[in-house]
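> Structure for this input, please:
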Amino acid sequence: MSDIRQGGRLAGKVALVTGGGSGIGRETAARFAAEGARVAVADLRAGAAHEAAAELGGEAAGLELDVTSAASAEQAVAAVVARFGGLDVVVNNAGVTIVGAAHELAEDDWDRELATNLKSIYLVSRAAWPHLVARGGGAILQTASIAGLWAIPADAAYCASKAGAIMLTKCMALDGAKDGIRVNCVCPGFTETPMIEGYFAAQPDPAAARAHATGIHPLGRLGRPRDLADAFVYLASDEAAWVTGTALVVDGGLTAGIWGG
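Predicted coordinates for the structure are as follows:
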């Protein structure tokens, strides 16, 4: 680990990962640290954030962050800059899924999903923006979803929020280009995280839902957090210096076309 940290692909970079207490965010924070970044792990659950940071060792920090709050976003970014002296990479990963068709969802559920999955990108990125400019540029990355490209029955708010995340990524990429701020997102297929477990549990037959989800991926399995974390490492690194405004699909072939299994 020490050799990787000294000469890694993210050596010298400071990164903030939201929703870093579990799943894709936690694995991304671990991969960033392994590649030499100094990482702030942020989560609404302070205990999970501190636990994830403690596992990374070194200079990693755990932060409590409510991504739906402008004040919380400003405070978290300020804490990262105070701790590490700057900020180079933001991974907007925090998210929720609330199952339901548009005509069935309660207004509060709609608002919570859009605030957590979409408004949060705007709030955290806005707070981070001047600090990235001060460093001469940087990277803002989002966890979007194939649900932002393909509709999923009875998942209206989630799909709408992720489609919004993809388009917001593109708009921010144009607005950030002159300052050297690259903005991209990753679109996972069905990935083994606490969120997808909650989605399966909300289905009438969870086992059948899991089997179906696995079967529609041509590569024959659900995604793993590492699959997505590796994509984030690439997009955060200087290897992606000419990549901005893209939605990188990492989905085991799910959206490639009709799959007969």
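> which stretches of the stretch 51-200 of the chain form strands?
Along the stretch 51-200 of the chain, counting by DSSP state E, counting those that start in this stretch, strands occupy 61-64, 89-92, 138-143, 181-188.
> The third one: partners in the sheet, and parallel or antiparallel?
When you say that, I think you mean strand 138-143. Note on strand 138-143: by DSSP bridges, its sheet partners are strand 89-92 (parallel), strand 181-188 (parallel).
> re the thing from before, out of the strands of the stretch 51-200 of the chain, the one nearest Gly220 is which?
Closest approach to Gly220 among the strands of the stretch 51-200 of the chain is made by strand 181-188 (16.3 Å; CB to CB). (Each C-beta comes from the backbone N, C-alpha and C, glycine too.)
> The closest one - what's its average pLDDT?
Average pLDDT, strand 181-188: 98.
> Which parts of that strand count as buried, going by neighbours?
Using 16 or more other CB atoms under 10 Å as the test for burial, strand 181-188 gives 181-188.
> Can I get the strands paired with strand 138-143 in CSV including distance to His212?
Listed next are those as CSV, based on distance: least, CB to CB, whole Å:
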stretch, distance to His212
strand 89-92, 29
strand 181-188, 17
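> And those: which comes nearest Pro130?
The nearest among the strands paired with strand 138-143, by CB to CB, is strand 181-188 at 10.6 Å.
> Could you export that closest one as CSV, CA atoms only?
Only the C-alpha atoms of strand 181-188 are listed here, as CSV (Å, rounded to 0.1, in the frame of the first residue of the first chain):
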residue,chain,number,x,y,z
ILE,A,181,-12.7,22.1,-14.1
ARG,A,182,-13.6,18.7,-15.7
VAL,A,183,-17.1,17.3,-14.9
ASN,A,184,-18.1,13.8,-15.6
CYS,A,185,-20.4,11.1,-14.3
VAL,A,186,-20.4,7.3,-14.0
CYS,A,187,-23.6,5.4,-14.9
PRO,A,188,-23.6,2.0,-13.0
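> Can you give the distance of that strand from its chain's centre?
Distance of strand 181-188 from the chain centroid (CA atoms, centre = their mean, to the nearest Å) equals 9 Å.
> pLDDT averaged over stretch 162-172, what's the number?
Per-residue pLDDT over stretch 162-172 has a mean of 98.
> and Ala15, what does it touch?
29, 32, 37-40, 87-91, 236 (CB atoms under 8 Å, 6 or more residues apart in numbering).
> again, but for Tyr199
Taking CB under 8 Å, 6+ apart, we find Tyr199 in contact with 97, 99, 155, 209.
> can I assume Arg26 is in contact with Val41?
Yes - with contact defined as CB atoms under 8 Å, Arg26 counts as touching Val41 (7.5 Å).
> Quickly list what's touching both of these two.
Contact criterion CB under 8 Å, 6+ apart; residues shared by Arg26 and Val41: 20, 52.
> and these two? which has more neighbours close in?
Counted by other CB atoms under 10 Å, Arg26 and Val41 do not tie: Val41 has more neighbours, with 32 against 27.
> For that one, name its beta-bridge partners.
In this structure, Val41 bridges to Val17, Gly62 when assessed by DSSP bridges.
> Which parts of the chain are helices?
2-7, 23-34, 46-56, 70-84, 107-114, 120-134, 156-176, 194-201, 206-215, 225-236 (DSSP state H).
> between the second one and helix 46-56, how many degrees?
Translated: helix 23-34. Interaxial angle of helix 23-34 relative to helix 46-56 (axes from the mean of the first three to the mean of the last three CA atoms, to 10 degrees): 30 degrees.
> ditto for the last one
Orientation check (the same axes, to 10 degrees): helix 225-236 against helix 46-56 gives 80 degrees.
> Likewise for the fifth one?
Here helix 107-114 points in a direction 20 degrees away from that of helix 46-56 (the same axes, to 10 degrees).
> No further questions, thank you.
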